[in-house]
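*Asks:* Structure for the following, please:
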Amino acid sequence: MMPTARLKDVAAIAGVSIKTVSNVVHDRPCVRPATRDRVRAAIAELGYRPNASARRLVTGRTGMIALALPEINVPYFAELSRHLADLAAARGYRVLFEQTITGVDVERTVVSGVEAGLVDGVLYHPVALTTREVAELRQHLPFVLVGEGAAPLGMDHVMIDNVAAARDAVRHLLRLGRTRIAFLGHETRSPTNTTRRRLMGYQLALEENGIAPDSDLVLAIDSFGPDEGQRVISGAIEGGMDFDGLLCRDDILAFGAMSALHAHGVRIPDDVAVVGWDDIAVSAYTEPTLTTISPDKHEIATLALDMLIERIEGHHGPGRHRLASYRLRVRASAPDDH
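*Replies:* Numbering: from 1, shown residues only. The predicted structure follows:
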């Protein structure tokens with residue numbers, strides 16, 4: 001077993017005094033930015049964790065934050081969680097993970113059940129709660145919202161511009177000469193804000209280019225997963241649906257869609273060009289590799305964590321809504337030169 005890293009170990013790696021490390025751990029403003037970055041890098045390298053009991057006695061804080069996500073095992077959320085955990089560790093915080101997969105009642109229970117004495121604040125990705133319900137959470141703990149769910153004006157919130165990103169994806173397909181572009185991923189029950197925004201961008205891009213949106217090209221799903229993408233696209237092909245481009249709500253659905261296209265002898269991208277969403281790690285290794293909307297997960301994590309720590313330390317200003325960057329990562333499933 002590796003010995004537990006101590007304050008003096010961090011100081012030795014960073015080349016500073018123990019007092020300087022303590023100042024960084026407690027986020028005191030008396031440390032130069034370059035020195036602070038060096039200490040945080042040493043903290044991350046050694047996996048140093050401040051003693052929670054001692055820290056609470058000194059600061060009244062636990063050094064713990066909660067991260068509440070719909071599904072921890074979804075690759076996008078797993079990758080975002082890793083960024084948040086690494087960044088939090090460098091700031092002297094540990095992360096408690098909560099999962100809200102099963103619906104609105106579980107969201108209410110998980111979020112209302114986060115003990116104020118256990119964590120200092122919460123990073124939360126709402127799905128089913130209303131804007132009013134989310135707004136009431138601010139009474140208990142510092143909250144920062146992540147993603148496309150309800151986002152009251154009074155609360156901090158980080159997301160990408162899903163409408164603009166979907167428009168970019170569709171415009172890319174249109175530039176490739178695709179005119180029958182399908183959208184895969186409209187939930188049959190209670191579409192999420194994420195889906196609504198992406199579908200809006202899809203529709204706007206078509207209309208801006210003089211193409212009337214066709215509701216028959218909006219493909220409904222009963223669940224998320226590659227098997228569902230495969231089932232829906234297989235059904236569309238067997239039903240004779242004519243399409244030459246496909247925007248998928250996420251990469252997982254796109255993987256299933258490409259499997260169905262392969263199974264039916266449909267060539268990618270020759271017959272159908274495919275675009276996914278999330279740029280999860282495996283999308284660079286599919287056959288063909290997947291063109292996808294790539295949110296800057298590191299930037300999302302950084303913005304959210306910075307705002308949460310500011311709230312924990314006493315910031316009481318109005319809610320701040322931040323847009324993180326994204327890019328269309330072009331690969332072989334919809335290449336520029338095809």
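*Asks:* contacts and neighbour counts: CA atoms only from here.
*Replies:* OK.
*Asks:* Please pull out the lowest mean pLDDT helix or strand from this structure.
*Replies:* Of all helical and strand segments in the chain, the minimum by mean pLDDT, DSSP states H and E falls on helix 52-59, at a mean of 51.
*Asks:* What's the first helix or strand after that one?
*Replies:* Next in sequence after helix 52-59, counting helices and strands by DSSP states H and E, comes strand 64-69.
*Asks:* who touches that next one?
*Replies:* 77, 81, 93-101, 110-111, 114, 118-126 (CA atoms under 8 Å, 6 or more residues apart in numbering).
*Asks:* Which of those residues fall in strands?
*Replies:* Residues of the contacts of strand 64-69 located in strands (DSSP state E): 94-99, 121-124.
*Asks:* Tell me the gap between the helix or strand where residue 236 lies and the middle of its chain.
*Replies:* Secondary structure assignment for residue 236, by DSSP H and E: helix 226-238. Mean-position distance between helix 226-238 and its chain equals 26 Å (CA atoms, centre = their mean, to the nearest Å).
*Asks:* ditto for stretch 226-243
*Replies:* So, by CA atoms, centre = their mean, the centroid of stretch 226-243 is 27 Å from its chain's centroid.
*Asks:* Tell me which residues are up against it.
*Replies:* Outside of stretch 226-243, the residues within contact range by CA under 8 Å, 6+ apart are 179-182, 184, 217, 219-222, 252-261, 264, 272.
*Asks:* Filter the residues you listed down to the buried ones and hand me the PyMOL line.
*Replies:* Provided next is the PyMOL selection string for whichever of the contacts of stretch 226-243 are buried by 16 or more other CA atoms under 10 Å:
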select buried, resi 179+180+181+182+184+217+219+220+221+252+253+254+255+256+257+258+259+260+261+272
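*Asks:* coming back round to it: can you flag the buried ones in the ones in strands among the contacts of strand 64-69?
*Replies:* Buried subset of the ones in strands among the contacts of strand 64-69 (neighbour count, 16+ other CA under 10 Å): 94-95, 98-99, 121-124.
*Asks:* Take the residues you listed and write them to CSV, including distance to residue 294.
*Replies:* Output for these, formatted as CSV (distance: CA to CA, whole Å):
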residue, distance to residue 294
94, 27
95, 25
98, 25
99, 24
121, 28
122, 25
123, 21
124, 21
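*Asks:* and of those, the nearest to residue 310?
*Replies:* The nearest member of those to residue 310, counting by CA to CA, is residue 121 at 10.3 Å.
*Asks:* where's the closest one relative to residue 142, distance?
*Replies:* 5 Å (CA to CA, to the nearest Å).
*Asks:* burial of the closest residue to residue 128 other than its chain neighbours, as a residue count?
*Replies:* Distances taken as CA to CA, 6 or more residues apart in numbering put residue 104 closest to residue 128, at 5.1 Å, once the chain neighbours are dropped. Using other CA atoms under 10 Å, residue 104 is surrounded by 15 other residues.
*Asks:* Look at residue 104 and report its pLDDT.
*Replies:* What the model reports for residue 104 is a pLDDT of 73.
*Asks:* need the contact list for it.
*Replies:* By CA under 8 Å, 6+ apart, the residues touching residue 104 are 127-129.
*Asks:* Tell me the one of those nearest residue 149?
*Replies:* Residue 149 has its nearest neighbour among those in residue 127, at 5.1 Å by CA to CA.
*Asks:* Excluding covalently adjacent residues, which one is nearest to that closest one?
*Replies:* Distances taken as CA to CA, 6+ apart place residue 149 nearest to residue 127, at 5.1 Å, with adjacent residues excluded.
*Asks:* Am I right that the one you found is in contact with residue 196?
*Replies:* No: using CA atoms under 8 Å, residue 149 is not in contact with residue 196; the gap is 10.5 Å.
*Asks:* shared neighbours, residue 121 and residue 142?
*Replies:* 308, 312.
*Asks:* Can you read off the backbone torsions of residue 313?
*Replies:* Residue 313 has phi and psi values of phi -90, psi 10 when expressed as degrees, to the nearest 10.
*Asks:* what separates it from residue 43, distance-wise?
*Replies:* 20 Å.
*Asks:* Compare these two (neighbour count), which wins?
*Replies:* Legend: neighbour count by other CA under 10 Å for residue 313 and residue 43, higher for residue 43 (28 against 13).
*Asks:* ok but that one is inside a helix, no?
*Replies:* Yes: assigned with DSSP: H, G, I helix; E, B strand; the rest coil, residue 43 falls within a helix.
*Asks:* Surely it is in contact with residue 87?
*Replies:* No: applying CA under 8 Å, one finds residue 43 not in contact with residue 87, separated by 10.4 Å.
*Asks:* Which pLDDT value goes with residue 275?
*Replies:* Residue 275 is assigned a predicted lDDT (pLDDT) of 98.
*Asks:* The one 3 residues further on too?
*Replies:* Residue 278 carries a pLDDT score of 97 in this model.
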